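Peer 1: below is the sequence, then the predicted model.
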Amino acid sequence: MRKTITALFVLPVFLSANVPDHLMMSLTRPTTVDSLGACQGVSYQKGRVFLYGDREIGVIREYTLVGDSLVDLHKESRLTVEGKDVINHPTGVAQHAGKPTFIGNSVKPDVPGGKWKAIIYWVNWEGLLKTRTLDGNLMSIIEDDVCIQGTRPEYVQYNNKWYVATADYGNNGNEVRLYDPRALSKASKTSDKGVLYKKFSCTPWVQNLHWIAEKGILVLIQNQVEGRKWRFTYVDLEKSIASGKQEVIKEVLNDRADELEGFAFTNSPGSGIAVNSSRTQNVNFMQVKWK
């Protein structure tokens with residue numbers, strides 16, 4: 001039996017000052033989705049919504065949209081090999097037709113001040129969705145040693161070519177970087193020759209990225225401070241690459257105290273889903289008005 005996840009109530013979203021007024025976001029319906037652990041992100045693909053989290057193992061769960069509600073398809077992919085947790089903290093799914101699929105894994109250091117462990121996994125996406133584990137579907141493991149703090153892959157298009165973008169979470173020296181997907185799939189680490197293509201500096205606390213292909217806009221899904229308060233930064237990718245720093249089109253703030261983790265537009269550029277790591281109200285329906 002399919003499970004319908006219903007919405008709850010409306011919350012306000014506050015726009016930041018000194019930015020253009022042509023884009024507005026409103027958080028319309030928060031709801032709670034279980035069995036994810038701390039939800040780490042959302043990916044919308046061909047009418048299906050994939051939510052991923054770090055339960056006792058890394059998991060990806062599949063839903064479909066019916067009106068303004070999610071319907072649980074009871075399809076769960078476990079990010080394990082031979083039952084062992086491999087991608088324990090998934091932080092990005094870069095999926096595009098005809099391109100290799102990459103899943104990020106960002107692991108905090110064991111001791112304060114230690115180095116983050118950031119790994120990008122090339123996976124057989126269709127195989128994973130069929131067999132529901134990484135057994136036989138883990139193509140390669142790439143250390144993201146170019147990163148500063150964590151990895152969160154997302155496909156973007158630049159100069160008519162697709163690249164895998166990622167960004168840092170910390171508050172020092174943050175960058176958005178573009179990797180060549182073919183070189184990335186063959187590499188053992190992102191510092192290998194030919195992997196890093198372009199980069200530009202960005203503001204702190206980037207949890208995830210979302211590409212709006214029809215507009216050439218990259219959305220930085222961020223916190224305002226470490227681990228709390230929401231920030232959506234709409235960036236002109238082409239101008240940012242040219243200048244070497246993020247060129248902001250619009251910034252939207254929400255002072256909710258929880259930790260924003262991911263966002264994706266769904267079936268139109270006017271509707272999307274934002275997710276956070278809380279145990280309740282972790283999936284939030286949003287409306288976006290461009291004019």
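Peer 2: That came through, no problem.
Peer 1: tell me which element the most centrally placed residue in the chain is part of?
Peer 2: Closest residue to the average C-alpha location of the chain: residue 208 at 3.7 Å, with C-alpha atoms, centre = their mean. Using DSSP states H and E, residue 208 sits in strand 206-212.
Peer 1: list the contacts of that strand.
Peer 2: Contact with strand 206-212 is made by 40-41, 91-92, 152, 154-157, 165-169, 174, 176, 217-223, 259-265, 269, as judged by C-beta atoms under 8 Å, 6 or more residues apart in numbering. Heads up, the C-betas are built off the backbone N, CA and C, glycines and all.
Peer 1: partner strands of the helix or strand just after that strand, with direction?
Peer 2: For strand 206-212, the following helix or strand on the C-terminal side (DSSP H and E) is strand 217-225. Sheet pairing of strand 217-225 (DSSP bridges) gives strand 206-212 (antiparallel), strand 228-236 (antiparallel).
Peer 1: kindly format the C-alpha coordinates of strand 217-225 as PDB.
Peer 2: Provided in PDB are the C-alpha atoms of strand 217-225 (Å, rounded to 0.1, in the frame of the first residue of the first chain):
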ATOM      1  CA  ILE A 217      21.400  29.700 -12.600                       C
ATOM      2  CA  LEU A 218      23.200  27.700  -9.800                       C
ATOM      3  CA  VAL A 219      21.400  27.700  -6.400                       C
ATOM      4  CA  LEU A 220      23.700  27.500  -3.400                       C
ATOM      5  CA  ILE A 221      21.700  25.800  -0.600                       C
ATOM      6  CA  GLN A 222      23.200  27.200   2.500                       C
ATOM      7  CA  ASN A 223      23.000  28.000   6.200                       C
ATOM      8  CA  GLN A 224      23.300  31.500   7.500                       C
ATOM      9  CA  VAL A 225      25.500  30.300  10.300                       C
END
